[in-house]
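[1] here are the coordinates; sequence isn't available:
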């Protein structure tokens with residue numbers, strides 16, 4: 001019995017020994033190390049700095065000729081010649097049509113003959129009136145005879161003036177048989193050909209001349225946009241002291257930019273009832289004739305300058321369930337803080353901030369998924385992307401225009 005108990009005890013010792021050795025080896029290998037705490041997440045930030053921003057708006061418009069002249073005859077007659085090429089450029093004073101001048105030559109000669117007859121009778125009538133005047137004090141002629149002679153003289157003088165005017169009118173009508181261009185520009189198609197009968201000041205124009213250099217662009221601005229601009233000016237967020245604000249850029253129908261800048265002339269003071277908009281008129285140089293009347297274009301108009309605008313990338317701005325924008329910033333202790341924002345408008349791929357940020361704030365741009373307010377982070381700077389204007393947003397220029 002003693003032997004069996006001793007054997008059982010020894011067997012248990014040999015069975016437990018390997019397990020104890022394995023546990024000892026495990027703890028020796030681990031070196032009794034505690035789990036390391038999680039490291040602070042790394043985020044990329046930009047430092048917000050004030051910059052000068054040129055606020056622009058892009059508005060639709062149409063081109064219109066700088067001057068338009070509808071060519072109409074000023075006398076009745078038969079068109080003998082058309083002296084221009086349709087679609088060509090003409091200069092002021094160029095002869096466009098020749099109306100048959102023969103009747104007007106005859107009228108001029110007739111008026112000259114009548115004037116000559118009146119002038120020939122005038123000396124004799126004047127001498128008779130002067131002679132009666134000398135004889136009247138001596139009672140050699142009656143008062144009635146003198147009055148008749150004086151009246152005849154005035155009538156003869158009036159006849160001379162009348163025929164002089166008739167000669168001048170005939171000369172003017174003869175000149176009107178040469179229908180000339182009143183302005184320089186591009187002439188369109190002719191509505192008549194040789195042999196057509198025309199009448200003075202007829203409703204239908206013979207042709208139309210349009211001056212295309214320079215050319216107008218009439219732009220429509222809604223009253224809502226106009227009121228918004230006025231409010232921003234009143235609040236001091238924009239100023240319009242720069243002369244360059246009168247400069248306007250143009251985007252063509254195919255999306256390309258017109259190479260020359262225009263000048264804003266005026267804003268109309270009347271609102272179109274059908275569209276609720278006012279007309280802005282811009283003048284563009286058009287030396288190559290690229291712009292034609294009636295073309296649809298988009299004008300980029302400079303509204304004003306924000307001297308100290310703050311911009312943040314759109315990717316840095318989040319919104320809460322109410323749709324209110326906010327960003328995460330990193331304070332001096334490298335802790336994350338949440339800032340609610342008030343935004344003005346988009347400028348390229350950035351937002352213009354009205355309130356919520358101060359110059360020098362570090363805004364988190366990358367790594368937003370790994371942060372929460374109050375958490376410590378590691379900061380890595382990132383360069384802000386340049387601001388580019390697009391079809392619906394204003395442009396921002398650093399250091400002025």
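    Nice, thanks for sending it over. Values in this document were obtained by computation on a predicted structure and should not be read as measured data.

[2] Quick check: phi and psi on residue 202?
    Per-residue torsions, residue 202: phi -70, psi 150 (degrees, to the nearest 10).

[3] Am I right that it is in contact with residue 75?
    No - look at residue 202 against residue 75 with CB atoms under 8 Å: they stay out of range, at 11.0 Å. To be clear about C-beta, it is placed using only N, CA and C from the backbone, and glycine gets the same treatment.

[4] Who has more neighbours out of these two?
    Between residue 202 and residue 75, counted using other CB atoms under 10 Å, the more crowded position is residue 75 (19 against 13).

[5] what's the distance between that one and residue 199?
    Residue 75 sits 9 Å away from residue 199, going by CB to CB, to the nearest Å.

[6] repeat for residue 267
    Counting by CB to CB, the gap from residue 267 to residue 199 is 42 Å.

[7] Mind listing the residues bridging to residue 325?
    Note on residue 325: beta-bridge partners by DSSP bridges are residue 319.

[8] Okay, now the unreliable bits of this protein?
    Along the chain, segments meeting pLDDT under 70 span 1-38, 232, 235-245, 383-401.

[9] what about the longest strand in it?
    strand 51-71 (DSSP state E).

[10] Show me the strands in the stretch 1-150 of the chain, by range?
    42-47, 51-71, 77-82, 89-90, 95-99 (DSSP state E, counting those that start in this stretch).

[11] Repeat that for the stretch 201-350 of the chain.
    Under DSSP E, counting those that start in this stretch, the stretch 201-350 of the chain gives strands at 207-222, 247-251, 262-267, 277-284, 296-313, 318-319, 325-330, 336-340, 342-347, 350-355.

[12] CSV please, covering those and showing mean neighbour count.
    Converted to CSV, these look like this (neighbours: other CB atoms under 10 Å):
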stretch, mean neighbour count
strand 207-222, 20
strand 247-251, 20
strand 262-267, 15
strand 277-284, 20
strand 296-313, 20
strand 318-319, 12
strand 325-330, 20
strand 336-340, 15
strand 342-347, 16
strand 350-355, 20
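
[13] Can I get those strands in JSON lines including distance to residue 361?
    Shown next, in JSON lines, are these (distance: least, CB to CB, whole Å):
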{"stretch": "strand 207-222", "distance to residue 361": "35"}
{"stretch": "strand 247-251", "distance to residue 361": "33"}
{"stretch": "strand 262-267", "distance to residue 361": "36"}
{"stretch": "strand 277-284", "distance to residue 361": "38"}
{"stretch": "strand 296-313", "distance to residue 361": "9"}
{"stretch": "strand 318-319", "distance to residue 361": "16"}
{"stretch": "strand 325-330", "distance to residue 361": "5"}
{"stretch": "strand 336-340", "distance to residue 361": "7"}
{"stretch": "strand 342-347", "distance to residue 361": "15"}
{"stretch": "strand 350-355", "distance to residue 361": "10"}
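
[14] Tell me how far the longest strand of the chain lies from the chain's centre.
    3 Å (CA atoms, centre = their mean, to the nearest Å).

[15] just the angle between the one helix or strand residue 175 maps to and strand 95-99, please?
    Take DSSP states H and E as the rule and residue 175 turns out to sit in helix 143-176. Here helix 143-176 runs at an angle of 120 degrees relative to strand 95-99 (axes from the mean of the first three to the mean of the last three CA atoms, to 10 degrees).

[16] Could you name the helices and strands sitting against helix 143-176?
    Judged by 3 or more CB pairs under 8 Å, 6 or more residues apart in numbering; DSSP states H and E, helix 143-176 is in contact with helix 102-135.

[17] Now do the helix it packs on against helix 143-176, angle only.
    160 degrees.

[18] residues of whichever helix or strand comes after the helix holding residue 175 that come out buried?
    Remark: after helix 143-176, the chain's next helix or strand is strand 178-180, criterion DSSP H and E. Neighbour-count burial for strand 178-180 flags 179, 180 (criterion: 16 or more other CB atoms under 10 Å).

[19] Indicate which one of the strands of the stretch 1-150 of the chain is closest to residue 359.
    strand 42-47 (8.7 Å; CB to CB).

[20] Name the strands paired with the closest one and say parallel or antiparallel.
    Here strand 42-47 is paired, per DSSP bridges, with strand 362-366 (antiparallel), strand 378-381 (parallel).

[21] And it, how far out from the chain middle?
    That offset, for strand 42-47, works out to 39 Å (CA atoms, centre = their mean).

[22] returning to that earlier point: what would the strands of the stretch 1-150 of the chain look like in CSV with distance to residue 343 and mean neighbour count?
    Listed next are the strands of the stretch 1-150 of the chain as CSV, based on distance: least, CB to CB, whole Å; neighbours: other CB atoms under 10 Å:
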stretch, distance to residue 343, mean neighbour count
strand 42-47, 16, 18
strand 51-71, 14, 18
strand 77-82, 63, 17
strand 89-90, 51, 18
strand 95-99, 59, 20
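
[23] Please name whichever of the strands of the stretch 201-350 of the chain is nearest to residue 134.
    Nearest of the strands of the stretch 201-350 of the chain (CB to CB): strand 207-222, 63.4 Å.

[24] Run me through the strand neighbours of the closest one, direction for each.
    strand 51-71 (antiparallel), strand 185-187 (antiparallel), strand 277-284 (antiparallel).

[25] and of the strands of the stretch 201-350 of the chain, who's closest to residue 84?
    Minimum separation from residue 84 across the strands of the stretch 201-350 of the chain (CB to CB) falls at strand 207-222, 7.7 Å.
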